[in-house]
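> got a sequence here, can you model it:
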Amino acid sequence: IVSNHIFKRQHAIYVQISGPGHEIPFVRIFGGELITDQMTAVVEVFAVYVVVLHGVPAGRFDHTDPSALFRWHGCFADIGISSAAAAERLGCPAAAPEEILCESRFVFLGVKPQMLDGVVQLLSAPVAASESVFVSMLAGVQLERLERTLGADKKIIRILPNTPCAVGQGVVLYCANARVTDDDLAAFCALMTDAGIVDPVPEHLIDAGCAITGCGPAFAYMFIEALADGGVKCGLPRAKAVRYAAQMLAGSAEMVLRSGKHPELLKDEVCSPGGSTIAGVDALEQRAFRGSCIAAVEAAFEKTRQLG
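Reported below is the predicted structural model:
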């Protein structure tokens, strides 16, 4: 990967990623996934969210291989977006990677774990000279490996955010190496606070936390979809069923957070003897609802550990 052009606007970072003979137009990087206009592929680039300014033509790449994002030939030749034009459109200054690494207090790393070594080698001199705090969003890549790759003298924060950060309702888990000062952490937390909950966690638990916070939104969306399908089956219009299911889940989550009550107790408060809710709970239990949720988290956890 070659990041030819990077520019900043407030706390967001915009980058143009290039490879042999092609370029991806500027994307806003603040975490998460890169989603094409055609929704043909989802390629993880940076955690929390990425807004793509221009779509990728459908059928022009191997969507089964995320690394193919950086091997397409000729896909973007007709886009012709320059860093200056994109910066002007977004109302922010443009800068080269060397300048970013020299002047920024925090530099976010958001490539695929298997691409880390290549990126650092490409920018080895400015990385070595940088006094920035490096903030890694690489799933499964531990601080020890980051120190080996970036340098033992570097300040490094490892974070795992999730996509709901895009609406200020996310979770950002973080841990840091010993070189990061309390002042650095305070500044980092202040920078990220609008994303949602910013919570420290020991590194040996961060992958387990990510299996819930990072992967969990997908599970929640599946649950919303399934509830909406049930509503449609019972006669509700699709739009109303989705809205009701989503708001119910949001409200229920808020009840857990505000009340401090155990979820089981809150569940029991809804289930009246011989009523409709307990009948539904029984149907879920007969179909291993809890076991399926536990298995999903465990599978996500094991996969995350393999990525490092």
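> which residues in this protein form helices?
Here the chain has its helices, by DSSP state H, at 83-90, 97-103, 116-122, 124-129, 143-150, 182-192, 203-213, 216-233, 238-259, 263-270, 276-286, 289-307.
> wait, which of these is closest to Pro164?
Across the helices of the chain, Pro164 has its closest neighbour in helix 216-233 (6.0 Å, CB to CB). For the C-beta atoms, the positions are set from N, CA and C on the backbone; glycine is no exception.
> for that closest one, buried residues please.
216-217, 219, 224, 227-228, 231 (16 or more other CB atoms under 10 Å).
> check stretch 117-137 too.
For stretch 117-137, using 16+ other CB under 10 Å, the buried residues are 119-120, 123, 126-127, 130, 132-137.
> also stretch 173-188?
173-177, 180, 184-185, 188.
> re the thing from before, tell me which of the helices of the chain sits most buried.
helix 203-213 (a mean of 19; mean count of other CB atoms under 10 Å).
> and stretch 100-110, C-alpha only, in CSV?
Taking C-alpha atoms only, stretch 100-110 is exported to CSV below (Å, rounded to 0.1, in the frame of the first residue of the first chain):
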residue,chain,number,x,y,z
ILE,A,100,1.7,14.1,8.9
LEU,A,101,4.2,11.9,10.8
CYS,A,102,6.2,14.9,11.7
GLU,A,103,3.5,17.3,12.9
SER,A,104,0.6,15.1,14.2
ARG,A,105,0.3,14.3,17.9
PHE,A,106,-1.6,11.1,17.1
VAL,A,107,-1.1,9.0,14.0
PHE,A,108,-3.7,6.3,13.4
LEU,A,109,-2.7,3.0,11.8
GLY,A,110,-5.6,1.3,10.0
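> report the rounded mean pLDDT for it.
In this model, stretch 100-110 has a mean pLDDT of 87.
> out of the buried residues of stretch 173-188, which two are the most distant from each other?
Leu173 and Asp184 (17.0 Å).
> pLDDT at the residue of the chain most remote from its centre, what is it?
Distance from the centre of the chain peaks at Gly274, with 42.4 Å (CA atoms, centre = their mean). pLDDT recorded at Gly274 is 96.
> what about stretch 177-187, start to end distance?
Separation of the first and last residues of stretch 177-187 by CA to CA, to the nearest Å is 16 Å.
> centre of the chain versus that stretch, how much separation?
22 Å (CA atoms, centre = their mean, to the nearest Å).
> same check, this time on stretch 193-202
For stretch 193-202, the separation from the chain centroid amounts to 13 Å (computed by CA atoms, centre = their mean).
> can you give me the end-to-end distance of it?
Stretch 193-202: ends 19 Å apart by CA to CA.
> neighbours of Ile157, how many?
22 (other CB atoms under 10 Å).
> for it, which residues are in contact?
Residues in contact with Ile157 (CB atoms under 8 Å, 6 or more residues apart in numbering) are 133-136, 174-177, 180, 184-185, 188.
> swap in 7 Å and give it another go.
133, 135, 174, 176, 180, 188 (CB atoms under 7 Å, 6 or more residues apart in numbering).
> and it, how far is that from Pro126?
19 Å (CB to CB, to the nearest Å).
> can you check the pLDDT for Gly19?
In this model, Gly19 carries a pLDDT of 40.
> dump the residue contacts of the nearest residue to Lys240 once chain neighbours are set aside.
Distances taken as CB to CB, 6 or more residues apart in numbering place Gly231 nearest to Lys240, at 7.5 Å, with adjacent residues excluded. By CB under 7 Å, 6+ apart, the contact set of Gly231 is 241, 244-245.
> now, which of those residues sits nearest Leu266?
Ala245 (17.6 Å).
> and the gap between the closest one and Val119?
41 Å.
> now Cys210
22 Å.
> repeat that for Gly214.
From Gly214 to Val119 the distance is 21 Å (CB to CB).
> how about Cys293?
36 Å.
> one more: Ile157?
18 Å.
> Met137 too?
Relative to Val119, and taking CB to CB, Met137 is found at 13 Å.
> kindly report the same for Leu257.
38 Å.
> next one: Thr277
Distance from Thr277 to Val119, by CB to CB: 51 Å.
> can you check Asp182 too?
In terms of CB to CB, Asp182 sits 29 Å off from Val119.
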